[in-house]
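In: Quick one, what's the 3D model for this:
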Amino acid sequence: MSTDSSPAPWPAGAQAVTLRPMTADDLPLLHAWLAREHVRAWWGDERLDTLDSVAAKYLPRILAEDHVTPWIAMLGARPIGYCQSYVVAGDDFWPDETDPGARGCDQFIGEGELLGRGLGTELVCRLVDTILRDPSVTTIQADPSPDNARAIRCYEKAGFRPLRRVTTPDGPALLMIRRRVSLPDA
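Out: Modelled structure (predicted):
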């Protein structure tokens, strides 16, 4: 079996997506992204309409007071998206998960004109690489809407495999898994 810890290769000369820790200074940008239709269509059932509501939800994450770790995706010096990871065991979304090495991840490209260019896949690959730096991580899971074909394909290209349909507090989802060691093709 091969390991999945290295990101997929990208074309020579392509500008790489990188991740940096999110700071309080990013809250206005996150607020703007969350208001964009292409983000709102898939980013939970939340309606974070004010900067105060975004700060109330995301500032504890920035300050490491929450179990979610937030990052800003960068293309060169330009912020282009948001991503986060979290410990799955003990999370309200996944009450049956007991593996302390399981992590969850979510992300979006905030800049609509950058959709469809492979940057989402690159973002997920960078996030997976970052999460797998922790040797205790065994599995990374994602839960896109079953109707979000773009996200499902993005996760598949980043090495995730569909496991089953589930119901989360956000509604129906396709549970997708990427293990530290490759899953056999079905």
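
In: The residue nearest to the spatial centre of the chain and D52, how far apart?
Out: Centroid-nearest residue in the chain: D106, 2.4 Å away (criterion: C-alpha atoms, centre = their mean). Per C-beta to C-beta, to the nearest Å, D106 is found 22 Å from D52. For the C-beta atoms, the positions are set from N, CA and C on the backbone; glycine is no exception.

In: Please apply the same query to S136.
Out: Counting by C-beta to C-beta, the gap from S136 to D52 is 36 Å.

In: Look at these two and report which has more neighbours.
Out: Neighbours around S136 and D52, counted as other C-beta atoms under 10 Å, are more numerous at D52. The numbers are 11 against 8.

In: where's the more buried one relative to Y82, distance?
Out: Note on D52: its distance to Y82, by C-beta to C-beta, is 18 Å.

In: Any stretches of the chain with poor pLDDT?
Out: Counting by pLDDT under 70, the chain contains low-confidence ranges at 1-15, 44-47, 181-186.

In: residue ranges of the strands in it, please?
Out: Chain-ordered strands for the chain, with DSSP state E as the definition, fall at 17-21, 68-75, 78-87, 102-109, 139-142, 161-168, 171-179.

In: Direction included, what does the longest one pair against?
Out: If I follow you right, that is strand 78-87. Strands adjacent to strand 78-87 in the sheet, as given by DSSP bridges, are strand 68-75 (antiparallel), strand 102-109 (antiparallel).

In: okay if I get those as a markdown table plus distance to P21?
Out: A markdown table is the format used below for the strands paired with strand 78-87 (distance: least, C-beta to C-beta, whole Å):
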| stretch | distance to P21 |
| --- | --- |
| strand 68-75 | 6 |
| strand 102-109 | 15 |
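
In: Most tightly packed of these?
Out: For these, ranked by mean neighbour count under the definition mean count of other C-beta atoms under 10 Å, the leader is strand 102-109 at a mean of 23.

In: Now tell me what touches it from outside.
Out: In this structure, residues lying in contact with strand 102-109 by C-beta atoms under 8 Å, 6 or more residues apart in numbering are 33, 39, 42-43, 73, 80-89, 91, 93-94, 115, 119-120, 123-124, 127-128, 131, 137-143.

In: Can you select the buried ones among those residues for me in PyMOL?
Out: One line in PyMOL is enough to select the buried ones among the contacts of strand 102-109; burial here means 16 or more other C-beta atoms under 10 Å:
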select buried, resi 33+39+43+73+80+81+82+83+84+85+86+87+88+94+119+120+123+124+127+128+131+137+139+140+141+142+143
